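**Student:** pasted the sequence and its predicted model underneath.
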Amino acid sequence: MGESVKVGITGLPGAGKTYALLKVIEMLEADELAVGGMVTEPIIEGERRVGFFVIDWATKVKKVFAHEDIESKTQVGIYGVDIEILEEVGVQAIRDATMDSGVVIIDEVGKMEVESEPFVDAVKDALEADMPLILTLHKKSRNPLLQDIRRRDDIRILEVTAVNRNLLPYKIVKLLKGEIL
């Protein structure tokens, strides 16, 4: 495993960023690596996305952090965002993973998540940690944190598309293992 390889997975909404990340996690865990951090998962009702769960990957704690029925002063599109839940589950998962895991995952650094200062701070700390990191990030956001991530020299940004979605996870694992530059 490359000591502190950092990979950003970007792409348009629905391109498969989380799918690619979950496939990478599956391969890393098959190699018995400890993976920790946070993952978001859409809440689908009928055939419509109505919100998102945030999941602590290590503990599997899963809570709703954004939903169209949540009334919040933090509104992103149709979703009310429960910043306290994001911080309780997601930020803590990132902090714990930065201390105890072999690989830190952050899915996703997006519009809803960057509304939380503790989330932004946890991402910055994870980026500075001397350990492998994989994060997914919104492709077009102009948020300062996302722009800073894109400008870093120590992170490799890869775009997932419908064409490379199935092969990209293998490339990411090879990058993490130092098998390709």
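**Tutor:** Yep, it's here. Please read these numbers as outputs of a predicted model, since none were measured by experiment.
**Student:** so where does the closest residue to residue 113 other than its chain neighbours fall, helix or strand?
**Tutor:** Spatially, and ignoring its direct neighbours in sequence, residue 113 is nearest to residue 119 (5.2 Å; Cβ to Cβ, 6 or more residues apart in numbering). No exception for glycine: its C-beta is placed from N, CA and C like everyone else's. Of the helices and strands defined by DSSP states H and E, residue 119 is found in helix 117-128.
**Student:** gap between residue 108 and residue 179?
**Tutor:** 26 Å (Cβ to Cβ, to the nearest Å).
**Student:** I'd like to know how many residues surround residue 162.
**Tutor:** Under the neighbour criterion other Cβ atoms under 10 Å, residue 162 is assigned a count of 11.
**Student:** how far off centre is stretch 172-181?
**Tutor:** On the basis of Cα atoms, centre = their mean, to the nearest Å, the separation between the geometric centre of stretch 172-181 and that of its chain is 19 Å.
**Student:** list the contacts of that stretch.
**Tutor:** When contacts are taken as Cβ atoms under 8 Å, 6 or more residues apart in numbering, the neighbours of stretch 172-181 outside the stretch itself are 1-2, 5, 7, 9, 20, 24, 27-28, 103, 132, 134, 156, 158, 171.
**Student:** tell me the buried residues within those.
**Tutor:** When neighbours are counted using 16 or more other Cβ atoms under 10 Å, the contacts of stretch 172-181 contain these buried positions: 5, 7, 9, 20, 24, 28, 103, 132, 134, 158, 171.
**Student:** so between residue 108 and residue 179, which is more surrounded?
**Tutor:** For residue 108 against residue 179, the residue with the higher neighbour count under other Cβ under 10 Å is residue 108, and the figures read 22 against 10.
**Student:** which residues touch that one?
**Tutor:** Going by Cβ under 8 Å, 6+ apart, residue 108 touches 17-18, 40, 135-138.
**Student:** what is whatever helix or strand residue 38 lives in packed up against?
**Tutor:** Using DSSP H and E, residue 38 sits within strand 35-45. Using 3 or more Cβ pairs under 8 Å, 6 or more residues apart in numbering; DSSP states H and E as the contact definition, the elements that strand 35-45 packs against are helix 17-30, strand 48-56, strand 62-67, helix 92-100, strand 103-109.
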